[in-house]
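Visitor: Next input, structure requested:
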Amino acid sequence: MKTLTEKQKNILEFIEEFLDREGMAPTVYEIAAHFDIKTSTVFAHLRALQRKKQLSRSSKARSISLINRPNSRNKVPQGALLIPLLGRVNAGAPAESLEYKEGEVCISSTLAPDCPPENLFALRVQGESMRDLGIYEGDIVIVAQTAVKPRSGDIVVALLQGGEVTVKSFFPKTQGRIELRPANPEYNVQIYPASEVSIQGRVIELRRKY
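Guide: Take a look at the predicted model:
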């Protein structure tokens, strides 16, 4: 194995610590900000680390994976589990669903005791239509997929006809309709035929990075 420079070692350590802490890889911009260097310099270091068989990456965001430290992402505390972070969900107008896995989020195994781990996932919020309920841009919502229908007022992730997804408060209406209500007066209430809405899960927890 080719010798690593001090800067390359530092970058590898930062990536590993970030993976363990956040459950996903850092972006090039986050690495650059941490070391106060240009993104072009980060790209050069990442290419060198790829040549030295220390990591792999693709053109997708947060795709860095460490090769020689396979256990770095398996440090799950006792009583916890990792769930997938599946892209972004819009908290404004509906946005196209991003189904690819962005990373992982560590949660308590007791958070949803009646929901199998494979039915739990996380989504990152865009927009501020749920602002008045304390859900802001960049927050991560933990979502449970259950066979139980959501109750009136539950915050849900809804998949709309055409593959669009949004997070809103759920209110059943008469004549087979569903109201998806924002928590921001700047946004309009959305009403759809129930046949055009598939509830993907109920939001059970909110994560925010300060």
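
Visitor: CA only for contacts and neighbour counts going forward, please
Guide: Will do.

Visitor: Helix or strand with the lowest mean pLDDT in this structure?
Guide: Here the helix or strand of the chain ranked lowest by mean pLDDT, DSSP states H and E is strand 95-96, holding a mean of 50.

Visitor: Downstream of that one, the next helix or strand is which one?
Guide: Downstream of strand 95-96, the next assigned helix or strand under DSSP states H and E is strand 103-108.

Visitor: can you confirm residue 112 is in a helix?
Guide: No: going by DSSP: H, G, I helix; E, B strand; the rest coil, the assignment for residue 112 is coil, not a helix.

Visitor: Just the buried residues of the helix of greatest length in the chain, please?
Guide: Counting by DSSP state H, the longest helix found in the chain is helix 6-22. Buried residues in helix 6-22, counted by 16 or more other CA atoms under 10 Å: 8, 11, 12, 14, 15, 16, 17, 18, 19, 20.

Visitor: now these in TSV, with pLDDT and distance to residue 156?
Guide: Listed next are these as TSV, based on pLDDT from 0 to 100; distance: CA to CA, whole Å:
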residue	pLDDT	distance to residue 156
8	92	43
11	94	38
12	92	38
14	92	35
15	91	33
16	87	33
17	85	32
18	85	29
19	80	28
20	75	28
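
Visitor: and which of those residues is nearest residue 166?
Guide: Nearest to residue 166 among the buried residues of helix 6-22, counting by CA to CA, is residue 19 at 27.1 Å.

Visitor: For residue 13, see how far away that closest one is.
Guide: 10 Å (CA to CA, to the nearest Å).

Visitor: those strands in the protein, which residues are they?
Guide: Ranges of strands in the chain, per DSSP state E, are 55-56, 65-66, 80-90, 95-96, 103-108, 120-126, 140-144, 155-160, 164-172, 177-181, 190-193, 197-207.

Visitor: Format those as a markdown table; extra columns: distance to residue 47.
Guide: Shown next, in a markdown table, are the strands of the chain (distance: least, CA to CA, whole Å):
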| stretch | distance to residue 47 |
| --- | --- |
| strand 55-56 | 9 |
| strand 65-66 | 13 |
| strand 80-90 | 25 |
| strand 95-96 | 32 |
| strand 103-108 | 21 |
| strand 120-126 | 28 |
| strand 140-144 | 30 |
| strand 155-160 | 38 |
| strand 164-172 | 35 |
| strand 177-181 | 46 |
| strand 190-193 | 47 |
| strand 197-207 | 33 |
